[in-house]
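J.: just to be clear, the model below is a prediction. Sequence and coordinates:
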Amino acid sequence: MSTTDQSVDLESFRQEVRAFLETAPTPEILEAGRKTTSVFAPFKETMAWQKILNDKGWVAPSWPQEYGGTGWNIQQRYIFTQECNRRGVPPLLPQNIQMVGPAVLGFGTDEQKAEYLPKMLSGEDFWCQGYSEPGAGSDLASLKCRAESDGDDYILNGSKTWTTYGHHANKMFALVRTSTEGKPQQGITFLLLDMGLPGMEVRPIIGLDGEPEQCEVFFTDVRVPKRNRIGEENQGWTVAKYVLEFERGGSTFGTFLVPAMEQLHAVCDTPDASGNRLSDDPILSYKLAELDIDIRAVEHNEKRVNANLKHGENPGPMASLLKIMGTEVMQRFSELQLEVAGLAGLPLQNDALVVGSNVAPIGEESALLAMPYYLNTRAASIYAGSNEVQRSLLAKAALGA
Amino acid sequence: MSTTDQSVDLESFRQEVRAFLETAPTPEILEAGRKTTSVFAPFKETMAWQKILNDKGWVAPSWPQEYGGTGWNIQQRYIFTQECNRRGVPPLLPQNIQMVGPAVLGFGTDEQKAEYLPKMLSGEDFWCQGYSEPGAGSDLASLKCRAESDGDDYILNGSKTWTTYGHHANKMFALVRTSTEGKPQQGITFLLLDMGLPGMEVRPIIGLDGEPEQCEVFFTDVRVPKRNRIGEENQGWTVAKYVLEFERGGSTFGTFLVPAMEQLHAVCDTPDASGNRLSDDPILSYKLAELDIDIRAVEHNEKRVNANLKHGENPGPMASLLKIMGTEVMQRFSELQLEVAGLAGLPLQNDALVVGSNVAPIGEESALLAMPYYLNTRAASIYAGSNEVQRSLLAKAALGA
Amino acid sequence: MQYQYTSEQSEFKDSLRKFVQDHYDYESRRHLAKEGNGYKAEYWQQLAELGVFGLPFAEEFGGLELDLGYLMGVAEEFGRGLVLEPMFPVLALAGRLLAAGDNAELKNELIPSLIGGELLIALASEEKASRGNPLIMATSVKAEGGELVINGEKHAVYAAPQASQYLVTAKDESGAVKVLLVAADAAGVTATEYQTVDGARASNLRFDNVKVPASASLFSGDAAASLELVIDEALLVMGAEAVGLMDQLMAITGEYLQTRKQFGMPIAAFQALQHRYADMYIACEKIRSLMWGALQTVGTAEFAESAAMLKAEIGKSGRYLGQQAVQLHGGIGMTDELSVGAYFKRLTAMDLILGGRDYQLSRLIKIRKAA
Amino acid sequence: MQYQYTSEQSEFKDSLRKFVQDHYDYESRRHLAKEGNGYKAEYWQQLAELGVFGLPFAEEFGGLELDLGYLMGVAEEFGRGLVLEPMFPVLALAGRLLAAGDNAELKNELIPSLIGGELLIALASEEKASRGNPLIMATSVKAEGGELVINGEKHAVYAAPQASQYLVTAKDESGAVKVLLVAADAAGVTATEYQTVDGARASNLRFDNVKVPASASLFSGDAAASLELVIDEALLVMGAEAVGLMDQLMAITGEYLQTRKQFGMPIAAFQALQHRYADMYIACEKIRSLMWGALQTVGTAEFAESAAMLKAEIGKSGRYLGQQAVQLHGGIGMTDELSVGAYFKRLTAMDLILGGRDYQLSRLIKIRKAA
């Protein structure tokens, strides 16, 4: 039986969202949407958009209503993301709402909730994630960054890496090692801290596209009050797992891919000066058609999981499947987009990609993103549990072993 | 430096081979060549062809000249196989010349050589292979078929499977367990025996194409004289390894694929009643072109390994590479051939496939083989060390680990 | 948006699952595929009694008039058990095309006996040169003295050896598509019967000046649109069959991976095989999602597109799954003795009939260009 | 049949390997890619002294007149070290096209300074709409009062920012292809210079009524065949670069797999990663074999076909290898700090320039049709 909440008129909901999106984003916000070359949109304008959404009360659809959630069912949430992507607003940075928020919601004290949640929603705070370490990527249990107890404080030593937008953040949530006893995933604690504490150093890492998106963060005797701890000491693994499962089933690759593919088709269907269209090329049309099918499958996979999920249920192996398919189809899309751009994909144009720079792109505007997007999208099969890890998880679940 | 033996005029050698092949095969032999639906050609006609080649002295190019080899270098051997495939004669069954022959050559006594080699060459004997067992496919070390010592004899109990053409054979070479001490690959002995000994039972296995190609062979107290042993007792593993390496580098997938692909192109280029050609379809031509490249790569891989191999040298990881590429391109070819056949691939036509049956095919002659060939070729990535095993071998060699 | 069977559909589907479980162990199926005419009249009657043949037809003919989801449920269970009874060609293709026509007399005459299981009919639409496109045909029909004269050749007519009547597609002199009822024993009909690779029965049919009365025409106008629509809806039924089949093949293969030992451990412990199994799982779910997605568009302008996508994916993911199931089984997967090969062969045949992946892709390109 | 470098070629190649090892650690390369004009004049001179620029030219101009295998050897070492000095566009493309022309005066004037390393020239052949086909061009040339007037736009002209002269392809009024020598600072030339994704320098060039003397034309007749041939031979040089690059990337990745630990063991122990590495190895060997195969057909009617096959495979196997090298490195592979990303980006660029995989495949289809 489908669990679609039949009492909600999804079509009028869609119209309401669409009406709001028509007028709410500023031109800068829309430009940031157009110039998003990875899953992480340009910082400043995206945070401005977050503020607008917060004022509307639509910033955290997945949160409980009492803390600022919208009360939408999962189909409504999918529609909302669909419409956002159709309109081309930048996707919100996931750190506040999807990563640290659920930890505080699930394990924070009332004081912590009162202190942190409102500014997470408004974007007044921007949180970065301190999970990975050099030597501990997909294997979080082996992390080493130490937090030693010293009265009411912890003293942090070690380093974190792949801290997305660490150079923009004023807050960090981190997993730190408070004990080396027992299994490796025991002895990990979930901590909140301010960026820029004495002894912290942030080093941006230049990515393949020439831009810093990730950072390394070094800790030398950094003092963090124990009241910043979320959950019990040595229970950080439990908190982190809760966060991971909080958003499961909320896979929305399809909402991005469907309008993106429509744009790519539009580019291919536009005649050039001599009246030729790229889509007249039979090989390219063939590849576009194959990708159309893959994108359709991603979309319906996501909708199917949403439709068949009972409230609060975890999609289980389907979560791995959605991640693998979504990211790999996204990569395939990025390849084809680059092929379509052709020679126009070659110039490095980081200046023109800055929102508000008014630097004209070399070649067509549509080709400007092709290369950085292609390069950055290689990360999609690496982050959030590499696709190798996801395939192992999927197989084990499917085999019931 | 290329090790091509510059003293041999390869072009005049090719002409000599071509001239012989023009007249030597009978119409039945050529029909058998056309009706070969797997790596194993129709038995009777192929053995007739072996006899003709033996009379010419060309039956065992890889053997030492003193025992019936041709003295050709590796390029000549490749050319010979090329020309055979171009002419469309059936490939010789590999059991006599490539499988058991090298064991006797390498480890047989003078008496054994004198007794067995001439009839292997002439095809008077046909040997089948008793290696695999139910439960021990790619993992030969775990085989269980027991040979217990009893005076001058061994007493065999157990079973063998995937014994290709066991129902046609009058002789078998087998690996049997003579000891359970030490490592599993110790305690294995290489034995020769007659088919049809008391206590032996042969059960043909029906394959996907509805024909028996493989057999199971059961042993119940089968008595085999110890003088039929090749090499020392418990040294069968060494003999088997020697055989495997004997033919390494002799990969000839390209010699089959190049003319087969030309034939497929010819089918696609032939206009139908309305003047349409399948090759006018842009998607099909695209796929044919992709396959052309793969086949070219297979061909040049094989020739390159041959050209750069110093005499007697083992191609190492390239042997695994050639097997993986050759078989997977062959499978891809079989898929495309089936797509080209289309609906004509559907009928089961085992009668029409019998050499000399004079049963007209349903649909075009060119489509007759498409389905059985497609089905049987799935085995190519399973037999002779599955492609999974080959990939592990290749990676380990390439990583130097 | 329907993404699973309704409880009513599930209930009906479960009754079929029970039927299949009771009758279709692999050995019986293997025997049935080889012997006689490839299906059991007794099973056919039981299916009639279960109501299967009434599903798509209007109540006025004694049908149940239920939506496509029911027929899909049946097909899914047939796929799971590799059922040979020709429900797909007889009901999903020929039966539904008959019902789509406007020849009330023929419908009144034939549909009730179809529902009752007394009549088997087969759709003769594919030709050597049609390559999947049902509107490309060399078969012609012309009026001659009050009669219609048919000439041409049809290939791979599934269920033809079991049917007493054929529905034959042909073009008239104006280029309009006609569908004509022809008795299997009519003068001028030559049938070459054969067993197909997937264990079914089919014929190549030749029509040499075959004469039928004007009343044998199922559509008064051009049948092209109906023919395409009925075939596309049948593709949805085939999609459901593929899903059932792939689910079962995944179960069989998963079981094998956990049972079969090599190098001292169950082969399910090998990471490369785990990842292959994951990719097979994905292949299966892709088809399932495209199937439900296509069902949602029935009756809309998008339906042809989503049916083509579904069929194209069967030709890719279905074929992949079959190949890999054989590969993971190793040598034993290459034999007729294990069911895995039979599943593989049915998946292979699915891409060959009613337009393979490439035809469907070329259709998608055309649909997009026309939009 | 040559399947490896001759000992003379190897010797020359080894001298280049030493040059690269001495000058091109990744950090220096990274710096060079970002700063100034993207290459070192000092290195360029050293390459001239090593004799690199004389390789393809006739002795009458002071060249060494050696076969393509030498230039391939150089390219292989350049690929291995990701060398930025624009040998490929200056020598393999522009230089060899100049040499192929019949304008003795220009050759006498320019080739010696090319060989000496004093002159850098760039070939402006690709256009937005050419999509890889060098014979498709909107750029035109017409005779006007004893002068030639050029109009049009060229894209992705590698080495243009470093060159003082361009060779510009254009069609005259009869449709014949002309190649014209144009000074970078000629009136009417507008250059948009940029750094490319693979760390090189290139320009988009616009020609607005650019006037050159009639003597600036490299070919008295139609240059189409020479242009295609020189580009195809350059593809062979690019193939060698790809091979060197891929060999090094395999070594780097293999090293990483054996060093990097996860879940308590070197990641090389994971079977799925082993099999990936095996597939990468196969990808690399495919290109190597197609490269040698293509070299064997130089000067024959089959050459265009085998060059197209080689380039098409770079667009598939090369891209695959780059992607997987990044994937196996994980996050660190996504940074500019490790060389793996730079290798990946060069492999990416290779498919975009001089006709990608799909263009080459369409060429192969045409070649076969014409045969």
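T.: That came through, no problem. Everything numeric in this text was worked out from a predicted model, so none of it was measured.
J.: which residues in chain A form helices?
T.: Secondary structure of chain A (DSSP state H): helices located at A:10-23, A:27-34, A:43-56, A:74-87, A:94, A:101-107, A:110-122, A:236-246, A:253-269, A:282-308, A:317-341, A:365-368, A:370-377, A:387-399.
J.: name the nearest residue to the residue of chain C positioned farthest from its centre, ignoring sequence neighbours.
T.: Here the centre of chain C is the reference, and by C-alpha atoms, centre = their mean the most remote residue is C:Gly264, at 43.0 Å. Spatially, and ignoring its direct neighbours in sequence, C:Gly264 is nearest to B:Ser142 (7.7 Å; C-beta to C-beta, 6 or more residues apart in numbering or on different chains). The C-beta positions use only the backbone N, C-alpha and C, and glycine is treated the same way.
J.: do you know how far the residue farthest from the centre of chain C is from B:Glu133?
T.: 15 Å (C-beta to C-beta, to the nearest Å).
J.: chain A contacts on the stretch 151-300 of chain C?
T.: Along the stretch 151-300 of chain C, the residues adjacent to chain A under the rule C-beta under 8 Å from any C-beta of the partner chain are C:250, C:254, C:257-258, C:268, C:271, C:274-275, C:277-279, C:281-282, C:285-286, C:288-290, C:292-293.
J.: if we go to 10 Å?
T.: C:250-251, C:253-255, C:257-258, C:266, C:268-269, C:271, C:273-282, C:284-294, C:296 (C-beta under 10 Å from any C-beta of the partner chain).
J.: could I get the contacting residues of C:Gln2?
T.: For C:Gln2, the contacting residues are A:2, A:4, A:304, A:307, C:9, C:67, C:69, C:292-293, C:295-296, by C-beta atoms under 10 Å, 6 or more residues apart in numbering or on different chains.
J.: which residues of the stretch 101-250 of chain C fall in helices?
T.: Assigned by DSSP state H, counting those that start in this stretch, the helices in the stretch 101-250 of chain C fall at C:104-116, C:224-259.
J.: mean neighbour count, those: which tops it?
T.: Highest mean neighbour count of these: helix C:224-259, a mean of 22 (counted as mean count of other C-beta atoms under 10 Å in any protein chain shown).
J.: tell me the mean pLDDT over it?
T.: Regarding helix C:224-259, the rounded mean pLDDT is 98.
J.: give me the angle between it and helix A:387-399.
T.: Going by axes from the mean of the first three to the mean of the last three C-alpha atoms, to 10 degrees, helix C:224-259 is angled at 90 degrees with respect to helix A:387-399.
J.: any bit of the helix or strand following helix C:224-259 sitting next to chain D?
T.: As assigned by DSSP states H and E, the chain's next helix or strand after helix C:224-259 is strand C:261-262. No: Strand C:261-262 stays clear of chain D (C-beta under 10 Å from any C-beta), getting no nearer than 12.8 Å.
J.: which residues are contacting the following helix or strand past strand C:261-262?
T.: With elements assigned by DSSP H and E, the helix or strand that comes after strand C:261-262 is strand C:265-266. With contacts defined as C-beta under 10 Å, 6+ apart, strand C:265-266 is touched by A:399, A:401, C:256-260, C:273.
J.: quick one: strands adjacent to strand C:265-266?
T.: strand C:261-262 (antiparallel) (DSSP bridges).
J.: residues in contact with the closest residue to chain B within chain A?
T.: Per C-beta to the nearest C-beta, A:Pro282 is where chain A lies closest to chain B, at 3.5 Å. Applying C-beta under 10 Å, 6+ apart, we find A:Pro282 in contact with B:281-283, B:285-286, C:362, C:365, D:358, D:362, D:365.
J.: ok, 7 Å please
T.: Contacts here follow C-beta atoms under 7 Å, 6 or more residues apart in numbering or on different chains; on that basis A:Pro282 touches B:282-283.
J.: and the residue of the stretch 251-371 of chain C closest to chain B?
T.: When scored by C-beta to the nearest C-beta, the stretch 251-371 of chain C has C:Asp336 as its residue closest to chain B, at 4.1 Å.
J.: what separates the residue nearest to the spatial centre of chain A from D:Tyr359, distance-wise?
T.: What sits nearest the mean C-alpha location of chain A, by C-alpha atoms, centre = their mean, is A:Pro94, with 4.6 Å. Here A:Pro94 is placed at a distance of 39 Å from D:Tyr359 (C-beta to C-beta).
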